[in-house]
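Engineer: Sequence plus the predicted model coming up.
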Amino acid sequence: MPAEHEEGPAPSVLTLVRGRADRLRNLMQGLARQTLPPRELVIAWMQSERAPDLPDPGCPIRHLHVPGEPMPLAAARNRAAEAACAELLVFLDVDCIPSPTLTDAYARAGATAQGLLLGEVLYLPPGAGTGDCTPAVLDRLGRAHPARPALPENGLRPEPDAGQLWGLSFALPAAVWRTAGGMDEAFVGYGGEETDLAARLAAAGLPVFWVAGARAYHQHHPVHVPPLQHFASILANAARFRARHGRWCMTYWLDQFRAAGLIDWDVAAPAIRLIRPPTEPEIAAALRPDALFS
């Protein structure tokens, strides 16, 4: 029998994987500690083989293979959502360890409000999250992103800006996902597909809420500041977003590219003018092994 919440059924948890098997194992161990076990874990493998020696997440596992180059992020989320059987879909990045109350908090929120649900993410320093770190230790080590608001201790808080959707941890009803058509697979490579989904949901009138208790911990990995390794796809996806919505997304990164002398652009511009792509030494120099945020 699927897990049940006092106010409704447990959600499906969906994650995408290419490499990072150690991160996936930590995510699965976190799911095994949930106060409300998820109905299932759906893993969309963006690689040819599953990782071996996966732990028991305390729920059934559904495996999918979604090949593609560059990484088919939108397609993998769509295939995972199509395969999921719960009424509420929880998308959790493979780098994230769920706190013990994450699925319960999302389930309660989904039973209370029909909307796009956002959970808090704390960023861990290098080396944290391995071994037997308790949630109390992760709470102490984790840092909130400076661009994210503080969450209420209980319940839901309305969020007027649907652009607050980032792909690390969010949930929404499966019926809403299907009506929206999922993520637009024309956004190829890194960037834009989540913001596009949020904009389309907002245009359809779907409210957005922050969810207390749906905390996750982001396991550290080196980041590029700015993300020059995704330069071409960010430009292409930003232009696609503007053509559809009449405004730019990923403006923080576009500002960084402009400051580096790579593009001519501002928020009022109708298009991005390429000055030059980044060089391989510039991409390598942008790598910040210890930075928590990109």
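Structural biologist: Nice, I can see it. Computed from a predicted structure; not experimentally measured.

Engineer: Longest strand in this structure, please.
Structural biologist: strand 208-218 (DSSP state E).

Engineer: elements contacting that one?
Structural biologist: The contact analysis (3 or more C-beta pairs under 8 Å, 6 or more residues apart in numbering; DSSP states H and E) places strand 208-218 against strand 96-98, helix 102-112, strand 116-123, strand 156-158, strand 169-173, helix 193-203. All C-beta spots, glycine's among them, are computed from the backbone N, C-alpha and C.

Engineer: now that strand, how far from the chain's geometric center?
Structural biologist: For strand 208-218, the distance from its own C-alpha centre to the chain's C-alpha centre is 12 Å (C-alpha atoms, centre = their mean, to the nearest Å).

Engineer: likewise stretch 16-31?
Structural biologist: Counting by C-alpha atoms, centre = their mean, stretch 16-31 comes out at 14 Å from the chain centroid.

Engineer: Begin at 96, not 1, for the rest of this chat.
Structural biologist: Right, with 96 as the first residue, what we last looked at is stretch 111-126.

Engineer: any weak-confidence spans in this protein?
Structural biologist: In the predicted model, the chain carries pLDDT under 70 at residues 96-103, 225-227.

Engineer: Domain boundaries for it, per the record?
Structural biologist: By the assignment in automatic domain parsing, the chain contains the domains 99-316, 319-383.

Engineer: in stretch 287-305, what's buried?
Structural biologist: Across stretch 287-305, burial judged by 16 or more other C-beta atoms under 10 Å covers 287-297, 301-305.

Engineer: Also stretch 322-337?
Structural biologist: 322-333, 335-337.

Engineer: What is the most widely separated pair among these?
Structural biologist: Maximum pairwise distance in the buried residues of stretch 322-337, criterion C-beta to C-beta, is 22.2 Å, between 324 and 337.

Engineer: that older thread, right, so the helices and strands packed on strand 303-313: which one is the most enclosed?
Structural biologist: Among the helices and strands packed on strand 303-313, strand 191-193 has the highest mean neighbour count (mean count of other C-beta atoms under 10 Å), at a mean of 28.

Engineer: Which elements pack onto that strand?
Structural biologist: Contact analysis of strand 191-193 by 3+ C-beta pairs under 8 Å, 6+ apart lists helix 116-127, strand 303-313 as its packing neighbours.

Engineer: All set, thanks.
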